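quick one, structure for this:
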Amino acid sequence: MSSTRQNPAEQAKALASQLKCPMGDTGQELAHSLNLGNLFMIVSALNALGIEEGDRILEAGPGNGGLLNYVLSLAENLHYDGVEISPLMYEQARAANNVFIAEGLAEYALYDGVNLPYEDGIFTKVLSVNTVYFWEEPAWLLAEMCRVLTAGGRVCLSFCEKDFMKTLPFTKYGFALYDAADIVALTQELPLHTVAVQHLHDMAVAGGSARLVRRDYVNLVLEKEH
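Numbers count the residues shown, from 1 in each chain. Predicted coordinates for the structure are as follows:
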C-alpha cells in the first residue's frame, strides 16, 4: 500500500511556504495558531513602540487580523492599517474586522511585499512581527517603512535571530536569517536611528513538531529623525 504522508523535508518545505504566505485550509488553520503562538511577541512589540493616543499604526503582515480589537484598545483615537501579501489573510482580516472598518478605525490592503501603498509620512508607528525572513528586498522595504513614517515616528521589527532560527528545520527553505545588527546595517543610508534593541524570550512549540522550546527573539526599535 502506498502512503501519501510527506517525508520530513517535504513537511518542512510545506510549512515554510505556508508561513511565508498562508493559503487554503492549511493556511487558515496556521493563521489561528500563529495568533496564539506569536501573542507574546506581538504584545511586546506594541509595548516597545509605546502606542499613544492619536497614533496611526501600520502593521506589515497582520495575518487574519485576530488581534485588532486588542491593538485598538491600547489608547484612544487610534487608526490601524494592515498590509498583507496573502490574499487569504487579507480576505479573512477584512471579514473578521468589518465593523472596525465600517467605523473608520481600520483598513487592510494587499501589497507586493516591496512597495507600501501609502502616502509619505502618514504613520506614527509601524510594526512587523516574524516577517523579516521573507522580505524579497529588505533594504527597499525598510526605506518604504521610513518613507511612510512621520518625523519622530517609530518602527518595531520583532523577529528571532540567526542562532535560534538555525535550529528549526524549515528555515532552510526560503528564509533569510538576520541578527539585529544586520537590519541596522541596512538602514545606514536612511534617516533612522536605533532607540532600542530588546533581547527577550518566550516559550513556543517548535514549528512542525510537538517540541517545546525557549524562543529567543529581538525587538528592534528605530526612530525617524526630525
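
show me the shaky parts of this protein.
Low-confidence segments of the chain (pLDDT under 70): 1-8, 11-12, 14-17, 19-23, 25-35, 207-210.

tell me where it has strands.
When secondary structure is read from DSSP state E, the chain shows strands at 56-60, 79-84, 106-110, 123-129, 149-159, 192-205, 212-224.

any chance of TSV for those strands, columns distance to Lys172?
Where C-beta positions appear, they are placed from N, C-alpha and C, glycine not excepted. Listed next are those as TSV, based on distance: least, Cβ to Cβ, whole Å:
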stretch	distance to Lys172
strand 56-60	24
strand 79-84	25
strand 106-110	28
strand 123-129	22
strand 149-159	17
strand 192-205	19
strand 212-224	17
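
mind putting those strands into CSV with mean neighbour count and distance to Leu68?
Output for the strands of the chain, formatted as CSV (neighbours: other Cβ atoms under 10 Å; distance: least, Cβ to Cβ, whole Å):
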stretch, mean neighbour count, distance to Leu68
strand 56-60, 23, 9
strand 79-84, 22, 6
strand 106-110, 18, 6
strand 123-129, 24, 13
strand 149-159, 21, 17
strand 192-205, 14, 21
strand 212-224, 19, 20
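
between these, which gets nearest to Ala143?
Closest of those to Ala143 is strand 192-205, at 9.4 Å (criterion: Cβ to Cβ).

what angle do that closest one and strand 149-159 make?
Using axes from the mean of the first three to the mean of the last three Cα atoms, to 10 degrees, the inter-axis angle of strand 192-205 relative to strand 149-159 is 30 degrees.

in its sheet, what does strand 192-205 sit against?
strand 212-224 (antiparallel) (DSSP bridges).

hey, C-alpha coordinates of the partner strand in CSV?
Output in CSV follows, covering the C-alpha atoms of strand 212-224 (Å, rounded to 0.1, in the frame of the first residue of the first chain):
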residue,chain,number,x,y,z
LEU,A,212,8.5,23.0,23.4
VAL,A,213,11.5,25.4,23.1
ARG,A,214,12.7,28.6,24.5
ARG,A,215,12.3,31.1,21.7
ASP,A,216,14.8,33.9,21.8
TYR,A,217,13.9,37.0,19.8
VAL,A,218,14.6,40.6,19.5
ASN,A,219,12.5,43.8,19.3
LEU,A,220,14.4,46.3,17.2
VAL,A,221,13.0,49.8,17.5
LEU,A,222,14.1,52.5,15.1
GLU,A,223,13.0,56.2,15.0
LYS,A,224,12.8,58.5,12.1
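
run the angle between that strand and strand 123-129 for me.
On the basis of the same axes, to 10 degrees, strand 212-224 is oriented at 160 degrees to strand 123-129.

give me the distance between strand 212-224 and the centre of its chain.
Between the centre of strand 212-224 and the centre of its chain there are 11 Å (Cα atoms, centre = their mean, to the nearest Å).

just to revisit the earlier point, closest to Leu141 out of the strands of the chain?
From the strands of the chain, taking Cβ to Cβ, the stretch that ends up closest is strand 56-60, at 7.8 Å.
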